[in-house]
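Asker: What follows is a protein structure lacking sequence information:
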């Protein structure tokens, strides 16, 4: 991994809860390019689903560039920006 940032508060509120993110940058094995991956959750520990995440993403972001997969580095589902979009 290139960089890691744990429990970063996001400047938004979802369902009356503050949203936090754990994100990191790693090397994509197929495209050989850095990829930004993240998990998002609220202050009581609820992980945001893909549909919930879409509700807090700024409209200017290309929503087709975000997917969810199990990350081989951390062994849990993460959201990521497709390597071809980075």
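Answerer: Yep, it's here. Note that the structure is predicted; figures quoted are calculated from it, not measured. Residues are numbered from 1 along each chain as shown.

Asker: from here on, contacts and neighbour counts on C-alpha atoms
Answerer: Will do.

Asker: ok, which stretches of the chain are helices?
Answerer: For the chain, the helices defined by DSSP state H occupy 50-56.

Asker: pLDDT below threshold where in it?
Answerer: Scanning the chain for pLDDT under 70 picks out 1-7, 11, 59-63, 73, 85-86.

Asker: List the beta-bridge partners for the most centrally placed residue in it.
Answerer: The centroid of the chain falls nearest to residue 38 when counting by C-alpha atoms, centre = their mean (2.7 Å). Following DSSP bridges, residue 38 is listed with bridge partners residue 23, residue 79.

Asker: ditto for residue 27
Answerer: In beta-bridge terms (that is, DSSP bridges), residue 27 pairs with residue 34.

Asker: Hmm, it is touching residue 71, no?
Answerer: No - the criterion here is C-alpha atoms under 8 Å, and residue 27 misses it with residue 71 at 11.5 Å.

Asker: Can you give me the distance of the residue nearest to the centre of the chain to residue 71?
Answerer: 10 Å (C-alpha to C-alpha, to the nearest Å).

Asker: if I look at those two, which residues touch both of them?
Answerer: residue 78 (C-alpha atoms under 8 Å, 6 or more residues apart in numbering).

Asker: which residues touch the residue nearest to the centre of the chain?
Answerer: Contacts for residue 38 were tallied using C-alpha under 8 Å, 6+ apart; they are 21-24, 78-80.

Asker: Likewise for residue 17?
Answerer: By C-alpha under 8 Å, 6+ apart, the contact set of residue 17 is 42-43.

Asker: Can you list the buried residues in stretch 18-34?
Answerer: 19-26, 34 (16 or more other C-alpha atoms under 10 Å).

Asker: Could you export the residues you listed as JSON lines, including distance to residue 58?
Answerer: Formatted as JSON lines, those follow (distance: C-alpha to C-alpha, whole Å):
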{"residue": "19", "distance to residue 58": "14"}
{"residue": "20", "distance to residue 58": "16"}
{"residue": "21", "distance to residue 58": "15"}
{"residue": "22", "distance to residue 58": "18"}
{"residue": "23", "distance to residue 58": "18"}
{"residue": "24", "distance to residue 58": "20"}
{"residue": "25", "distance to residue 58": "21"}
{"residue": "26", "distance to residue 58": "24"}
{"residue": "34", "distance to residue 58": "22"}
